[in-house]
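# Below are the sequence and a predicted model for it; my questions follow.
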Amino acid sequence: MAFTVIDMENWERKEHYQYYINLVKAKYTVTAEIDVTKLVSEIKHKNLKFYPTFLYAIIYNINQNKEFRMAYNEAGELGYWDICHPSYTIFHNDDKTFSDIWSEYHCSFPIFYNNVIKDMEQYQNIKGIKTKPRAGQNYCPISCVPWLSFTSISYDTFTENKMLLPIIVFGKYHKHHNKITLPFSIFVNHAVADGYHTCKLIQDIQYFINHLDWLYID
């Protein structure tokens, strides 16, 4: 998978990156409401599942914003993947555990949707944290908490790590005043993305699910 190394000396965020990676070491979480009214209506009309459809909306826009594909290569150089694949959770109802699987990204919604449906069916009864073998490091973690419309969420890690990719969680959608919304949370390493970049990503996702031409491409 292609990886572009950042030209640090000419990078506009060099000083910000060094400040947040070496001194403050800040990470932050933003939770926002996403309006899914139109999306829910259209996927019901097309008899599509919400989870893989919304996964596509998220990962498509991750792949349009390089700040959320940042990582280190094997030589320890900072850069970004040309694309990321979604790494997402599936729930095992019998023992209430989950597994983390992934599906191959494709810019075509029908192809991506079928990839996810196939993987979900193949791994739905296989238990374990990581059940689908991986090849590479370009995976963006995305989880769903379908039991709760939360208003905020926070993360903590016991040890310092150099994970630069975001962690995304979305919750149960609910209807209020004829509008259907869901909570969308993103955990960001401040070294690679500022508030502007995070807000832009959220706004891009909202715009994307308000304009559904991609949903009708066979």
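Everything's here; your move.
# Just after the worst-scoring helix or strand of the chain on mean pLDDT, pick out the following helix or strand.
The weakest-scoring helix or strand in the chain, judged by mean pLDDT, DSSP states H and E, is strand 174-176 (a mean of 93). Next along the chain after strand 174-176, taking DSSP states H and E as the criterion, comes strand 179-189.
# Centre of the chain to that next one, how far?
10 Å (CA atoms, centre = their mean, to the nearest Å).
# And for stretch 86-102?
16 Å.
# quick one: Lys130 and Asp100 touch, right?
Yes. Lys130 is within contact range of Asp100, at 5.5 Å (criterion: CB atoms under 8 Å). Placement of C-beta: from N, CA and C, glycine included.
# In terms of neighbours, single out the busier of the two.
Asp100 (19 against 11; other CB atoms under 10 Å).
# Buried residues in whatever helix or strand Ala71 lives in, which are they?
Ala71 belongs to strand 70-72 when assigned by DSSP H and E. Under the neighbour-count criterion of 16 or more other CB atoms under 10 Å, strand 70-72 has Met70, Ala71 buried.
# that older thread, report all helices and strands that the least confident helix or strand of the chain contacts.
strand 179-189 (3 or more CB pairs under 8 Å, 6 or more residues apart in numbering; DSSP states H and E).
# Send me the strand it packs on as PDB with only the CA atoms.
Coordinates of each C-alpha in strand 179-189 appear next as PDB, following Å, rounded to 0.1, in the frame of the first residue of the first chain:
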ATOM      1  CA  LYS A 179     -35.100  14.800  12.700                       C
ATOM      2  CA  ILE A 180     -33.100  11.700  13.100                       C
ATOM      3  CA  THR A 181     -29.600  12.200  14.600                       C
ATOM      4  CA  LEU A 182     -26.800  10.100  16.000                       C
ATOM      5  CA  PRO A 183     -23.800  10.800  18.200                       C
ATOM      6  CA  PHE A 184     -20.500  10.800  16.400                       C
ATOM      7  CA  SER A 185     -17.200  10.800  18.400                       C
ATOM      8  CA  ILE A 186     -13.700  11.000  17.100                       C
ATOM      9  CA  PHE A 187     -10.500  10.700  19.100                       C
ATOM     10  CA  VAL A 188      -7.600  12.600  17.500                       C
ATOM     11  CA  ASN A 189      -3.900  13.000  18.000                       C
END
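# Describe which strands that strand pairs with in its sheet and in which direction.
The pairing partners recorded for strand 179-189 under DSSP bridges are strand 27-35 (antiparallel), strand 167-171 (antiparallel), strand 174-176 (antiparallel).
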